[in-house]
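Peer 1: my questions concern the predicted model and sequence given below.
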Amino acid sequence: MSVVQAIRRLIPQSAKNRLRQRTTPWRIANLLSPALPPSVCVDVGASHYPHVNWLVMLNAPETRWLAVEPNEENLYYVKNWAWKSAISTCTTGLSRDGGAQTLHITNVDTGSSLLPPEIPASMQHRVTNLSYFFPVTERRIETLTLPQAIAGLPADAPVFVKLDTQGTELSILEGAAELFDARRIVGVELEATLLAQPLMKGSGKFWQVCQFMEARGFELLHVKLVQAVGPDGSEGRKRRRYLNECDAVFALRVDVAASLPVNYRAGLLAFYTTYALYDEALALLQRDAELSAMLGKRGADVAALIATLESAPQ
C-alpha cells in the first residue's frame, strides 16, 4: 500500500463526501439534476456497480435507471441504491433480434458474451494466458431487443445507453432501429474493439460503430483508448502495448437535437456535463433560450449553472 493510499484510508467517509460535493461534477449535478425532466438511462452490462460517469442523471429524481445484467447475482448493489434516480433491473440479456441465443460463459464471468471467444493466429503470441476465457460453457438463454427492454419506461423521454457486452454492442444498436428512427436515443457510450481480428468472434469494430452512428445523426465526442495487457495478463502501465479497445461516446449533433422537444435538449445538456464537455454544455445553454427557461421553471438556478460551467477547469 502506498503512503497516499494509507492517508486516504485515515480520512473519515463523511469528510470524503464533503470534499466530493465541492468538485465540479458534483456542483453541476447539484444545480442541474433536480431540474432535469424525465429521462431513461439504460446500463447494459451493469455488473457490480452503476455507471457512475452519469452522475447528473443518477442524481436526478425523474431519471428511470434500468440496469441490464443476465448474471443476476452481480446486481447486488441495487438493494442498497443510494441515488435519487428510480432503479429497475432486467436480468434478460439483449441482442439484435431477441429470442433464444447461446450465451458463452467464460471462466471469468465478466467476459461472457453471445459471441464465442476465439484466439486467431495473429493474436496467439499476444494472448498466452487463456484463463480469463477458458474453459467456456454454453447456455441457451432468452434475449430481448433494446426497444423491448425499455418498453415499460416513459415513452416520451430521451434515452441514454451504455453498452459493455463483450463484442455485441453494435449489434444491439442495430436492433434498435425504431428508437433511432424516432430520435429517442440522445447519447451512447460503448466499448468497441480496435483489433483487426477481435478475440470475440464477430465483434463490431470501432470504425463500424462510427459509420453506424454518424449515419443516424450522431457525432463522436470522446474516446478513451485502452492498451492491451501483457501476454501473461499483467497491465504493465509503464510499457507501451498495442491498442486493444476503446470506450467511445456519441451524442446527437446539435443541429439534429435542435428540432427535438426541449426535454431532449435538456438531456443532451446533461450528457455533455457527464463527460466534462463544459464548453459544449455552456454553448448549448447560452444559445437555447427555451432550454434555459424550462430549467428555470423547474427550479434550476440557471445563472449559477452558467457561472459554474464558465469557471470549470479546462
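Peer 2: Yep, it's here. Note that the structure is a prediction, hence the values are computed from the model and not measured. Residues are numbered from 1 along each chain as shown.

Peer 1: I'd assumed residue 244 was in a strand, is it?
Peer 2: Yes - counting by DSSP: H, G, I helix; E, B strand; the rest coil, residue 244 is part of a strand.

Peer 1: give me the below-cutoff pLDDT ranges for the stretch 1-150 of the chain.
Peer 2: Counting by pLDDT under 70, the ranges of the stretch 1-150 of the chain that qualify are 1-21.

Peer 1: show me where it has its strands.
Peer 2: Remark: strands assigned in the stretch 1-150 of the chain by DSSP state E, counting those that start in this stretch are 39-44, 63-68, 86-90, 93-94, 99-105, 137-144.

Peer 1: all strands for the stretch 201-314 of the chain, in order.
Peer 2: Taking DSSP E, counting those that start in this stretch to define them, one finds strands in the stretch 201-314 of the chain at 218-227, 243-252.

Peer 1: need the ones you listed in JSON lines (columns: mean neighbour count and distance to residue 107).
Peer 2: (Glycine included, C-beta is placed from N, CA and C.) Converted to JSON lines, those look like this (neighbours: other Cβ atoms under 10 Å; distance: least, Cβ to Cβ, whole Å):
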{"stretch": "strand 218-227", "mean neighbour count": "15", "distance to residue 107": "21"}
{"stretch": "strand 243-252", "mean neighbour count": "20", "distance to residue 107": "19"}
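
Peer 1: so which of those comes closest to residue 112?
Peer 2: strand 243-252 (16.4 Å; Cβ to Cβ).

Peer 1: list of residues touching the closest one?
Peer 2: Contact with strand 243-252 is made by 183, 185-195, 206, 209-210, 213, 217-229, 260, 264, 268, 271-272, 275, as judged by Cβ atoms under 8 Å, 6 or more residues apart in numbering.

Peer 1: give me the neighbour count for residue 282.
Peer 2: By other Cβ atoms under 10 Å, 19 other residues sit near residue 282.

Peer 1: cool, and the one 10 residues further on?
Peer 2: In terms of burial, residue 292 registers 20 neighbours under the definition other Cβ under 10 Å.

Peer 1: ok, it - contacts?
Peer 2: With contact set as Cβ under 8 Å, 6+ apart, residue 292 has these partners: 285, 286, 302.

Peer 1: drop anything exposed from those residues.
Peer 2: Using 16 or more other Cβ atoms under 10 Å as the burial test, those include 285, 302 as buried.

Peer 1: can you map out the helices along the chain?
Peer 2: 3-10, 13-21, 24-32, 55-58, 146-149, 169-174, 177-181, 206-214, 254-257, 262-274, 278-287, 289-297, 302-311 (DSSP state H).

Peer 1: winner for burial among the strands of the stretch 1-150 of the chain?
Peer 2: Most buried of the strands of the stretch 1-150 of the chain, by mean neighbour count (mean count of other Cβ atoms under 10 Å): strand 93-94, with a mean of 27.

Peer 1: and the contacts of that one?
Peer 2: Contacts with strand 93-94, where a contact means Cβ under 8 Å, 6+ apart, come from 44, 68, 70, 101, 103, 114, 141, 143-146, 149, 165, 168, 172, 175.

Peer 1: mind redoing it with 7 Å?
Peer 2: Contact with strand 93-94 is made by 44, 68, 70, 103, 114, 141, 143, 144, 145, 146, 149, 172, as judged by Cβ atoms under 7 Å, 6 or more residues apart in numbering.

Peer 1: centroid residue for the protein?
Peer 2: For the chain, residue 162 is the residue whose C-alpha lies nearest the centre (Cα atoms, centre = their mean; 2.9 Å).

Peer 1: could you tell me how far it is located from residue 298?
Peer 2: For residue 162, the distance to residue 298 equals 25 Å [Cβ to Cβ, to the nearest Å].
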